[in-house]
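**Student:** predicted structure and sequence below. I'll ask about it afterward.
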Amino acid sequence: MTLREIKEILDATVLTGEEELDREVKAACGSDLMSDVLAFVKDQAMLLTGLVNGQVIRTAEMMDIHAVIFIRGKKPSDEVVSLAESRDIVIMETELPMYIACGMLYSAGLTGGSSRA
Amino acid sequence: MSEPLMVLHYDVDGTDFTVAGEASGAVKKVLKQLGVSAEVIRKVAIAMYECEINMVIHAHGGFIDVEIRPESIRMIHKDVGPGIPDVEKAMQAGFSTASQQVRELGFGAGMGLPNMKKYTDEMKITTEVGKGTIVDMTVYIK
Ligand SMILES: Nc1ncnc2c1ncn2[C@@H]1O[C@H](COP(=O)(O)OP(=O)(O)OP(=O)(O)O)[C@@H](O)[C@H]1O
Ligand SMILES: [Mg+2]
């Protein structure tokens, strides 16, 4: 699934990385616990999270996660957006809550990114 | 053990949570440029990032030395924080003394040390209460 399709499904707004929307995403994970992401997420997944601090972007950087979706209309600061930009990470924001956002992507064919799944 | 090909040194600022992870990000970049395999880079990046975060949230910062050899990457994290009273307990998944503030930022699940153990081939913690902690980790390049 491409980031462009994900943007459509979640009715999301792109905060940075508009030109990267053709990137392919193979798996996703929804979490507000960065240590869990660091422990269990597979390579190249996409992250959905309700946290908007810079460590979310740094966690994504370490995990080679190239796209982050902020759920429930959470707005990151300009610093967080530029950090993502400098790390070549696409960020989007959707009004949907976590459960709904994950459910919609899952039904559309995007499955889990957990190595335990 | 052979002489390191490269030694990198980083100071970790213990007062600014927003920059925690700068050193790990920088090392990741260097390893990529050196052509180290994605699998090794991933292990080093995750272990070092967890440890760097710990230095900031539990120990007022410190410094990190990274030794790059053809056969391994070694990361030595030194802080002058409070030390760890019971290392065995600290190593257990789920054990955390992190503040509510740290938890709200997505950390404090007590997963960091177990993660470091999981992603590295050697890990040694030397710690003294009131003096500080050294976490010495090595990832082998096979
Ligand atoms: N450098 C350190 N100095 C002092 N105490 C530490 C240090 N590193 C870890 N600890 C202690 O060990 C505990 C467990 O560490 P660990 O990294 O596993 O979990 P955490 O940092 O609390 O949460 P998480 O890593 O999941 O965000 C910490 O809560 C803290 O009490
Ligand atoms: Mg930790």
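**Tutor:** Noted; the coordinates are in hand. Ligands and ions are numbered 1, 2, ... in the order given.

**Student:** got any ranges where the chain has weak pLDDT?
**Tutor:** Looking at chain A here, since you left the chain open. Where chain A drops to pLDDT under 70, the residues are A:43-44, A:113-117.

**Student:** let me see the contact set for whichever residue of it sits closest to ligand 1.
**Tutor:** Taking CB to the nearest ligand atom, ligand 1 has its nearest neighbour within chain A at residue A:35, 3.2 Å off. In this view, the C-beta of every residue, glycine as well, is placed from N, C-alpha and C. Residue A:35 makes contacts with B:50, B:106-112, B:115, as judged by CB atoms under 8 Å, 6 or more residues apart in numbering or on different chains.

**Student:** that one falls within a helix, correct?
**Tutor:** Yes - the assignment for residue A:35 by DSSP: H, G, I helix; E, B strand; the rest coil puts it in a helix.

**Student:** phi, psi of the closest residue to it other than its chain neighbours?
**Tutor:** The shortest distance from residue A:35 to any non-neighbouring residue, by CB to CB, 6 or more residues apart in numbering or on different chains, is to residue B:111 (3.6 Å). Here is the backbone geometry of residue B:111 (degrees, to the nearest 10): phi -110, psi -10.

**Student:** so what's the residue count around residue B:111?
**Tutor:** Per other CB atoms under 10 Å in any protein chain shown, the neighbour tally for residue B:111 reads 23.

**Student:** do residue B:72 as well
**Tutor:** Neighbour number of residue B:72 under other CB under 10 Å is 18.

**Student:** right, and it touches residue B:141 too?
**Tutor:** Yes - contact criterion CB atoms under 8 Å: residue B:72 and residue B:141 qualify, at 5.9 Å.
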